[in-house]
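A.B. asks: Got a predicted structure plus its sequence, pasted below:
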There are 2 protein chains.
Amino acid sequence: MCYVTHGSGRTKAAVGVVVRMTTDTAPTADTTLDELLEIDPATAGLLFREARTVNVFADEPVPDEKIQAAYDLVRWGPTAMNTVPLRLLVVREPAARARLVEHMADGNKTKTLSAPLTIVAAADPSFHEHLPVLAPHMKGARERFAAGSEEMRVGMARTSALIQVGYLIIGLRAAGLHVGPMTGFDADGVDSEFFDENGWRSLVVLNVGMPASEGASHPRQARLRFDEVSLTV
Amino acid sequence: MCYVTHGSGRTKAAVGVVVRMTTDTAPTADTTLDELLEIDPATAGLLFREARTVNVFADEPVPDEKIQAAYDLVRWGPTAMNTVPLRLLVVREPAARARLVEHMADGNKTKTLSAPLTIVAAADPSFHEHLPVLAPHMKGARERFAAGSEEMRVGMARTSALIQVGYLIIGLRAAGLHVGPMTGFDADGVDSEFFDENGWRSLVVLNVGMPASEGASHPRQARLRFDEVSLTV
């Protein structure tokens, strides 16, 4: 019988595998869980366990190629009907950054001004224009969506594009970048500012770069345990 | 000057790095992009490039521990205010599966009936009950959310939980599992069927398992290029 201690508690293996039964505040290498993974512990740390939301970045530029390499992973993730509705506004110019920050919540202004790169992740309600290429087996899909309501297309685009934001955060980390995602901003304001012509709908604003050597992140907060978030029927 | 051919076109390196400039239908190992990644090509394939949506699964059970190992990665991904609103209904019993399938779109019934495991990914609008543990620095946050509108909490929970669905799909793949995510179901029907008491809101239904040896996936469809989904300002 083996025990493992982490966070504020200890637990006994119930089914032959030791699982974390505490609301952890710090991920510890749990070799019994790692044995169930197909990725190595360093990769698990890079993408999930050790990665932290960054608020203060190092003064180091983010090359376009890194974002492209991340997107080249992200784009293969599944979306409903292969609609691939995630769009990215890459904010580099100081003037554009100032326009964006106008619409950010006060607590997100300073860090967005100082990040080397900021991406506005958005959903494209006109995703159906690409369906002849993305889903050629669905004959007439573009026309059917065009005849349907915009509200339905906005809802579909938001759902899949938010799932893609999850892929994007992991993909940027896979490219060695660090991310500070934010939902505290006036989405309608950002949309009028930048997306009047293309109709994109902003979802999440992500600061991207390398962490400052000091004070880059807040202390790690707890996460819910599997038994707190799941039911089995 | 180097060229690379893939999909239907070829492109010239514009900035010293060859990027895919075609709407690819098959990811090919692009060593120049791989050099920009911190994960190895096998992991990039496992999590993104080679992974496929699975519709027909092998007759092989999915142990609970694999799902827990995946969640142990997923839970560390960032969410707004550390709300961690993703909830998982793990559907194992045939009777529960039959109740779920009643609410699936016709095209999703057969594959859901035959999958070894199905997860209903949902958002919890009562996420604020956990904030004293998840965000102890935000004094009084639970009470402020409790006094606010449920509609606002539903919206916040949906946004972060959908991003977490992105993490979940990658996390399940990291645990060596294959996923068939579906949005074609009656969400209100699923919610009344399973979530009348806890108030969860279903987002995505995911079949989980190992692929059948034949016919597991449809042919790979195209994805949009970086230049098709991005604008730089």
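C.D. replies: Happy to help now that I have it. Keep in mind the model is a prediction, meaning the values are calculated, not measured.
A.B. asks: any weak-confidence spans in chain A?
C.D. replies: Where chain A drops to pLDDT under 70, the residues are A:1-31.
A.B. asks: What residue in it comes nearest to chain B?
C.D. replies: Closest residue of chain A to chain B, CB to the nearest CB: A:Gly166 (1.7 Å). Placement of C-beta: from N, CA and C, glycine included.
A.B. asks: can you tell me which residues contact the closest residue to A:Ala135 other than its chain neighbours?
C.D. replies: Nearest residue to A:Ala135 in three dimensions, chain neighbours excluded: A:Asn82, at 5.1 Å (CB to CB, 6 or more residues apart in numbering or on different chains). Counting by CB atoms under 8 Å, 6 or more residues apart in numbering or on different chains, A:Asn82 makes contact with A:134-135, B:221-223.
A.B. asks: ok, now with 10 Å
C.D. replies: For A:Asn82, the contact set (CB atoms under 10 Å, 6 or more residues apart in numbering or on different chains) comprises A:127, A:130-131, A:133-138, A:160, B:53, B:218, B:220-224.
A.B. asks: Give me the PyMOL select line for the residues you listed, limited to the buried ones.
C.D. replies: Buried members of the contacts of A:Asn82, defined by 16 or more other CB atoms under 10 Å in any protein chain shown, are picked up in PyMOL with:
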select buried, (chain A and resi 127+130+131+133+134+135+160) or (chain B and resi 53+221+222+223+224)
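A.B. asks: which one's the longest strand in chain A?
C.D. replies: strand A:201-209 (DSSP state E).
A.B. asks: Walk me through the domains of chain A.
C.D. replies: A:2-50, A:64-209 (automatic domain parsing).
A.B. asks: just the ones you listed: most buried one?
C.D. replies: Of those, the one with the most neighbours on average (mean count of other CB atoms under 10 Å in any protein chain shown) is domain A:64-209, at a mean of 20.
A.B. asks: angle of the longest helix that chain A contains against strand B:201-209?
C.D. replies: Longest helix in chain A by number of residues (criterion: DSSP state H): helix A:150-174. Angle, helix A:150-174 to strand B:201-209, by axes from the mean of the first three to the mean of the last three CA atoms, to 10 degrees: 50 degrees.
A.B. asks: is the next helix or strand after helix A:150-174 up against chain B anywhere?
C.D. replies: Where DSSP states H and E defines the elements, the next helix or strand beyond helix A:150-174 is strand A:178-182. Yes - contact of strand A:178-182 with chain B (CB under 10 Å from any CB of the partner chain) involves A:179-182.
A.B. asks: where along chain A do the helices fall?
C.D. replies: Under DSSP H, chain A gives helices at A:31-34, A:41-44, A:64-74, A:94-101, A:106-114, A:131-134, A:141-147, A:150-174, A:187-194, A:226-229.
A.B. asks: ok, and for the last one, which residues are buried?
C.D. replies: When you say that, I think you mean helix A:226-229. Neighbour-count burial for helix A:226-229 [16+ other CB under 10 Å]: A:226, A:229.
A.B. asks: For it, which outside residues touch it?
C.D. replies: With CB under 10 Å, 6+ apart, helix A:226-229 has contacts from A:19-21, A:23, A:223, B:64, B:67-72, B:74-75, B:84-88, B:90, B:122, B:124, B:130, B:133, B:164, B:200.
A.B. asks: just checking, A:Gly45 touches B:Ala174?
C.D. replies: No - using CB atoms under 10 Å, A:Gly45 makes no contact with B:Ala174, being 12.0 Å away.
A.B. asks: Please enumerate the shared neighbours of these two.
C.D. replies: What both A:Gly45 and B:Ala174 touch, as defined by CB under 10 Å, 6+ apart, is the set A:39, B:73.
A.B. asks: quick one, phi psi at A:Glu93?
C.D. replies: Phi and psi for A:Glu93, reported as degrees, to the nearest 10, are phi -70, psi 140.
A.B. asks: Name the nearest residue to it, ignoring sequence neighbours.
C.D. replies: B:Val233 (5.9 Å).
A.B. asks: which residues does that neighbour contact?
C.D. replies: Applying CB under 10 Å, 6+ apart, the residues contacting B:Val233 are A:89-93, A:95-97, A:99-100, A:120, A:194.
A.B. asks: Save the residues you listed as TSV, and put in distance to A:Met210 too.
C.D. replies: Shown next, in TSV, are the contacts of B:Val233 (distance: CB to CB, whole Å):
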residue	distance to A:Met210
A:Leu89	21
A:Val90	17
A:Val91	17
A:Arg92	16
A:Glu93	20
A:Ala95	24
A:Ala96	21
A:Arg97	18
A:Arg99	25
A:Leu100	21
A:Val120	20
A:Phe194	26
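A.B. asks: ok, so what distance separates A:Arg158 from A:Val120?
C.D. replies: 14 Å (CB to CB, to the nearest Å).
A.B. asks: And A:Leu203, by the same measure?
C.D. replies: Here A:Leu203 is placed at a distance of 8 Å from A:Val120 (CB to CB).
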